[in-house]
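# Task: produce atomic coordinates for the following.
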Amino acid sequence: MRRNLLILPLLILTLLLAACGFHLRGQGGGFTFPFQTLFILSPNANASLIVDLKRTVQLYNIKLADSSANAQLTLHIVSETMSKQILSLSDAGRVREYQLNYRVSLRAYDIKLDEWVPADEIVLQRYLSYDNTQVLAKEMEETLLYQDMRNDAVQQILRRLSLAKAPPSPP
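Numbering: from 1, shown residues only. The predicted model follows:
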């Protein structure tokens, strides 16, 4: 009897969520791309952003080429930078809050060097409250915030690539 009382609210909640159209967010937003092969050019091919980007692009059945000559499109990640600024201090002069910044500069072009995505920059910010008594926890939180910004940047890059268009050919 008691078990039935627990199952009934869960069943009602499930039905309500299904009825309102709720669903878990999946991988990406169903992007379609105007190219089938991609070469990713970056100063550091082993950077976390590049590894995440390559893995995500392959989920959309885009083949990664080994050179720009073998790809329909080259995505050039010009730079990736992370920085941290102090936002506020306590009365004792200790840091209370940081602003974390993450920037990715990119452009995309084809084998003829025609721009598909002109030089662009993704700028992301997150705020981190700081407490000297929780140094390890705050370091972990900072790492997670940078990871979240990197994932957000990957999604924004994919969005830009899905909207990329070949430049009009001259008459």
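
# ok, which stretches of this protein are helices?
Ranges of helices in the chain, per DSSP state H, are 2-19, 48-59, 135-162.

# and of the ones you listed, who's closest to A92?
For A92, the closest of these is helix 135-162, at 16.2 Å, according to CB to CB. In short, each C-beta sits where N, CA and C put it, glycine included.

# helices or strands up against that closest one?
helix 48-59, strand 73-89, strand 95-109, strand 115-129 (3 or more CB pairs under 8 Å, 6 or more residues apart in numbering; DSSP states H and E).

# Highest mean neighbour count out of these?
Of all these, strand 95-109 has the most neighbours on average by mean count of other CB atoms under 10 Å, namely a mean of 18.

# that older thread, using a markdown table, lay out the helices and strands packed on helix 135-162 together with distance to A153 and mean pLDDT.
Below are the helices and strands packed on helix 135-162 laid out as a markdown table (distance: least, CB to CB, whole Å; pLDDT from 0 to 100):
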| stretch | distance to A153 | mean pLDDT |
| --- | --- | --- |
| helix 48-59 | 7 | 95 |
| strand 73-89 | 8 | 94 |
| strand 95-109 | 5 | 94 |
| strand 115-129 | 5 | 94 |
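
# nearest to V135, of these?
Going by CB to CB, the one of the helices and strands packed on helix 135-162 nearest V135 is strand 95-109, 11.3 Å.

# Chain neighbours aside, what residue packs nearest to I40?
L75 (5.0 Å; CB to CB, 6 or more residues apart in numbering).

# Tell me which residues touch that neighbour, please.
Applying CB atoms under 8 Å, 6 or more residues apart in numbering to L75 gives the contacts 38-41, 53, 106-108, 117, 157, 161.

# contacting residues around Y98?
Per CB under 8 Å, 6+ apart, neighbours of Y98: 84-87, 127-128, 130, 142.

# how many neighbours does A71 have?
Neighbour count for A71, taken as other CB atoms under 10 Å: 22.

# Just give the nearest non-adjacent residue to S105, would you?
V78 (4.0 Å).

# who are the neighbours in contact with the one you found?
105-107, 119.
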